[in-house]
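Visitor: I need the structure of the sequence given here:
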Amino acid sequence: MGAIAGKTVLVTGGRRGLGAAIVDETLKRGAVKVYSTARAEFADERPAVHTHRLEVRSPESVAELAALATDVDVVINNAGIVLPAPLLTGSLEAVSDTFDVNVLGPLRVARAFAPILAANGGGALVNIHSVLSWLGGSGAYGASKAAVWSITNSLRVELAAQGTQVVGVHVGFIDTDMTSGMDVPKTSPAEVASRILDGLESGAAEVLADAVTENVKKALSGPVEKLTFEFAR
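Guide: Modelled structure (predicted):
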């Protein structure tokens, strides 16, 4: 896709954490407009940032945003949730909610914005996965990230004809509210955001955003029973 400079970007879940860092990094690299979304209304005083409420579980909410943001060149699917939902003992409601947000949410956004990206020259779609896409032991969250990883790989094939770059981002533990109670090495949101946009601008199909993720990716050819959550700690 080339440089972010001069482009219009959509960042879901852009209010805080990694999403906020991605918004900051796109502006630093010269994006002319950034649509930043969250589940609740919020404000950003920077003229280039346009905030919107988005519920990724709602087809109507996604369609409303797509009807407004017809100038988007880059879609970054960052919105997600983490619920305490072991697959065997967690509530099925929590498992279902996890998949609805983390899997069907990005897919709804991709389906709504694919025609817009095509009309604007192809652009790019970026989906945020996790190192837990590859590791067992993290319940519904890891399973949902494995599912969206597969969706990303299929979307890459389906969107190739319209010239849309599809980037899958795998990342370990980021120093955000989501991991505040975890005693593990963490990477700053700003560093992860920079690596994501480096990959996007270089034409990458996949971004491994930290050393933990790189090590786990190398281990994928080994015994599957060793690929557990503890491997990444």
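Visitor: got a list of what L155 touches?
Guide: L155 is in contact with 110, 125, 127, 166, counting by C-beta atoms under 8 Å, 6 or more residues apart in numbering. Heads up, the C-betas are built off the backbone N, CA and C, glycines and all.
Visitor: Neighbour count for those - can I get that in JSON lines?
Guide: Putting the contacts of L155 into JSON lines (neighbours: other C-beta atoms under 10 Å) gives the following:
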{"residue": "A110", "neighbour count": "22"}
{"residue": "L125", "neighbour count": "26"}
{"residue": "N127", "neighbour count": "24"}
{"residue": "V166", "neighbour count": "21"}
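Visitor: right, and F42 touches T51 too?
Guide: Yes. Using C-beta atoms under 8 Å, F42 is in contact with T51, at 5.5 Å.
Visitor: what residues are shared contacts of these two?
Guide: With C-beta under 8 Å, 6+ apart as the test, F42 and T51 both reach R15.
Visitor: Who has more neighbours out of the two?
Guide: T51 (18 against 14; other C-beta atoms under 10 Å).
Visitor: backbone phi and psi for the more buried one, please?
Guide: Backbone torsions of T51, given as degrees, to the nearest 10, read phi -90, psi 140.
Visitor: quick revisit: which members of the contacts of L155 are positioned in helices?
Guide: A110 (DSSP state H).
Visitor: Could you tell me which of the contacts of L155 belong to strands?
Guide: 125, 127, 166 (DSSP state E).
Visitor: So which of those residues is the closest to A85?
Guide: N127 (20.8 Å; C-beta to C-beta).
Visitor: Test my guess that the closest one contacts V169.
Guide: Yes. Using C-beta under 8 Å as the test, N127 is close enough to V169 to be in contact (6.8 Å).
Visitor: quick revisit: between the ones in strands among the contacts of L155, which is closest to E214?
Guide: Checking the ones in strands among the contacts of L155 one by one against E214 (C-beta to C-beta), the nearest turns out to be N127, at 18.7 Å.
Visitor: can you map out the helices along this protein?
Guide: Counting by DSSP H, the helices of the chain are 17-28, 59-68, 92-99, 105-119, 139-158, 189-202, 211-218.
Visitor: what pairs with the residue nearest the centre of the chain across the strands?
Guide: Among the residues of the chain, I128 comes closest to the average C-alpha position under C-alpha atoms, centre = their mean, at 2.5 Å. Taking DSSP bridges as the rule, I128 bridges to V169.
Visitor: Please state the offset of stretch 21-34 from the chain centre?
Guide: Centroid separation for stretch 21-34 versus its chain: 16 Å, with C-alpha atoms, centre = their mean, to the nearest Å.
Visitor: what comes up buried for it?
Guide: Using 16 or more other C-beta atoms under 10 Å as the test for burial, stretch 21-34 gives 21-27, 29, 31, 33-34.
Visitor: swap in stretch 196-216?
Guide: For stretch 196-216, by 16+ other C-beta under 10 Å, it's 196-197, 199-200, 204, 206-210, 212-213, 216.
Visitor: Endpoints of it, how far apart?
Guide: 18 Å (C-alpha to C-alpha, to the nearest Å).
Visitor: so what pLDDT did N120 get?
Guide: pLDDT recorded at N120 is 98.
Visitor: separation between the residue nearest to it when sequence neighbours are not counted and L125?
Guide: Nearest residue to N120 in three dimensions, chain neighbours excluded: D73, at 5.4 Å (C-beta to C-beta, 6 or more residues apart in numbering). According to C-beta to C-beta, to the nearest Å, D73 stands 11 Å off from L125.
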